[in-house]
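# let me see the structure of the following:
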Amino acid sequence: MARELSPDRVEHLSARLLESPVVNGIDLLSAPSPRERMLVDRLIGLWKTSPGLPAHCVSFALLAASRTAGQVAALQTIELAWTGPSTGIVPARRIDQALFEVVASSERELLVVSYAVFNVPVVRNGLNAAVDRGVNVELVLEFEGAEGDQTYDPLVALHGLGESVRVYYWPFAKRPNAGPGKRGFIHVKAAVADRNLALISSANLTSYALEANMELGVLIRGASVPDRIARHFGQLIQEGILEPWPR
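Numbering: from 1, shown residues only. Below is the predicted model of the structure:
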């Protein structure tokens, strides 16, 4: 929070924390931006796992982090993201929760790349909400498949997606030849918000992948990796390797 919010906002939140001595009495949901609300939700969620921790300790921790934020601004944090059976041994974010955080926290630009898309209205709604708050949303999706015989249109699964969302695809003729009549797939599954937060995972945008399958990924915050992913796809678009899908 100290890296992403201004010192004034951190001081405001710290003061609000002191208004109630216990976590269940805290109401910080009036945060002005989607990113700040997401951060506050996560803070309260973590705090509730240690309900005996006094509010003044959390407040002091925020202030201390804010004082040193400039020294750690370039640092990168990496969290495991996981869908599947929980062992309780290794802490990990659920992949669907990590994806929704990336989408919901975007304020300027959002890139989402996936192979399969099926039965994900909550993702569509999140993308439309991002558009409504002025985010530049770009999707890179698989339409044709490795053999040019894709049997479904991912935009059918995203029915109702805002017209301003820019959708790109990899033309079949521009893909490397993988044998007679065979070409490569777009097999990437990633989401990047504001070139600062990136989710890379094995999970497609399907209800199975986000809720039922065993899937693994990483949520990367800060440093250069999210920016490099966004710039790489931007260059693929600029060079015409990825083209706009006619809608």
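
# mind listing the helices for the chain?
7-17, 34-47, 55-72, 95-105, 121-132, 154-157, 207, 225-238 (DSSP state H).

# what separates the fourth one from the chain centre, distance-wise?
Chain-centre distance of helix 95-105: 4 Å, with C-alpha atoms, centre = their mean, to the nearest Å.

# ok, residues contacting that helix?
With contacts defined as C-beta atoms under 8 Å, 6 or more residues apart in numbering, helix 95-105 is touched by 34-35, 38-39, 42, 79, 81-83, 110, 112, 122-123, 126-127, 129-130, 191-194, 197-199, 201, 203, 209-211, 215, 217, 219. C-beta here means a position set from N, CA and C on the backbone, and glycine is covered the same way.

# centroid-nearest residue for this structure?
residue 102 (2.1 Å; C-alpha atoms, centre = their mean).

# not counting its neighbours along the chain, what's nearest residue 56?
Ranked by C-beta to C-beta, 6 or more residues apart in numbering and with sequence neighbours excluded, the top spatial neighbour of residue 56 is residue 18, at 6.1 Å.

# per-residue confidence for the one you found?
The model reports residue 18 with a pLDDT of 82.

# residues near it, how many?
14 (other C-beta atoms under 10 Å).

# now it: phi and psi?
Torsion angles at residue 18 (phi, psi; degrees, to the nearest 10) stand at phi -80, psi -10.

# for it, what are its contacts?
Residues in contact with residue 18 (C-beta under 8 Å, 6+ apart) are 55-56, 59.

# generate a PyMOL selection restricted to the buried subset of the contacts of helix 95-105.
Typed into PyMOL, the line below selects the buried ones among the contacts of helix 95-105, using 16 or more other C-beta atoms under 10 Å:
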select buried, resi 34+35+38+39+81+82+83+110+112+123+126+127+130+191+192+193+194+197+198+199+201+203+209+210+215+217+219
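
# can I see the domain layout of the chain?
The chain breaks down into these domains under automatic domain parsing: 7-72, 77-244.

# could I get these as a markdown table with distance to residue 1?
Converted to a markdown table, the domains of the chain look like this (distance: least, C-beta to C-beta, whole Å):
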| stretch | distance to residue 1 |
| --- | --- |
| domain 7-72 | 5 |
| domain 77-244 | 11 |
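
# just name the most buried of those.
Across the domains of the chain, the average number of neighbours (mean count of other C-beta atoms under 10 Å) peaks for domain 77-244, which reaches a mean of 17.

# returning to what we had before: could you save the contacts of residue 18 as TSV and add columns showing distance to residue 14?
Formatted as TSV, the contacts of residue 18 follow (distance: C-beta to C-beta, whole Å):
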residue	distance to residue 14
55	10
56	9
59	4
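
# from residue 144, how far out is the residue nearest to the centre of the chain?
Distance, residue 102 to residue 144, by C-beta to C-beta, to the nearest Å: 26 Å.

# also residue 10?
Taking C-beta to C-beta as the measure, residue 10 falls 48 Å from residue 144.
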